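In: coordinates for the following, if possible.
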Amino acid sequence: MKLYCATSNAGKLREFRLAGEAYGVEIEPVPGLEAIAPPEETGKTFEENAVLKAVYYSRFADGVVFADDSGLEVDALGGEPGVQSARYAGAQATDEANNRLLIEKLRGIQNRTARFVCWIAAARGGKLLGTFRGAVEGRIVDVARGANGFGYDPHFFYEPFGCTFGEAAAAQKMQVSHRGKALRAMFSGLADLLQSQ
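Out: Model (predicted):
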């Protein structure tokens, strides 16, 4: 099976392909993605934004298109950065700037519990097929550890591994990550969804 993904994020594309291999699913970006004007992400939740993107981009590909919206929720910050995870420090923010702001806001705060959340939406021909969620619990550490992953991974400590997601190997991380869980739910559910169409 071939699925198209609506992302220009190289880190996400790597993870999508890695997860797809185990299910015999080939994942390619939406053809000509870089030339398509992106939709405005006006959703108040990860799920709303994922649906908005999947439905929009599915009009540009002959097949099933999926899009994800994901990010970090820190309990002590009332769920921030949340849907603003990629733009926490501003519209063109780098991972370093977002991480710097996060650690700044957590200065002096003892409670560091947090979770990564991912919602994936699949659509075809402008119609939503379904949504799938994954989440993983951890805590935020002040000092970045590890050069693997991307985004907030070097600051996200996952207790069962005894390391940050930035230190974990990609395949190891995908077994437990929010994105890995949401992708597996989609791969498992998509066959049934497509048969019922």
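In: phi and psi next, for the spatially closest residue to residue 167 that is not a sequence neighbour.
Out: Counting by Cβ to Cβ, 6 or more residues apart in numbering, residue 146 is the residue found nearest to residue 167 once chain neighbours are left out, at 3.3 Å. All C-beta atoms are positioned from the backbone trio N, CA, C, and that covers glycine. Dihedral pair for residue 146: phi 90, psi 150, per degrees, to the nearest 10.
In: is residue 146 in contact with residue 158, as I believe?
Out: No - if you go by Cβ atoms under 8 Å, residue 146 and residue 158 don't touch, sitting 11.1 Å apart.
In: compare those two (neighbour count), which wins?
Out: residue 158 (21 against 15; other Cβ atoms under 10 Å).
In: hmm, the more buried one is touching residue 140, no?
Out: No - counting by Cβ under 8 Å, residue 158 stays clear of residue 140, with 11.3 Å between them.
In: where do the contact lists of the two overlap?
Out: Shared contacts of residue 158 and residue 140, defined by Cβ atoms under 8 Å, 6 or more residues apart in numbering, are not found at any residue.
In: residue ranges of the strands in this protein, please?
Out: In the chain, the strands defined using DSSP state E lie at 2-5, 26-29, 64-74, 113-124, 127-140, 156-158, 163-164.
In: ok, the closest residue to residue 182 other than its chain neighbours - contacts?
Out: The shortest distance from residue 182 to any non-neighbouring residue, by Cβ to Cβ, 6+ apart, is to residue 134 (3.4 Å). Residue 134 is in contact with 117-118, 120, 177-185, counting by Cβ under 8 Å, 6+ apart.
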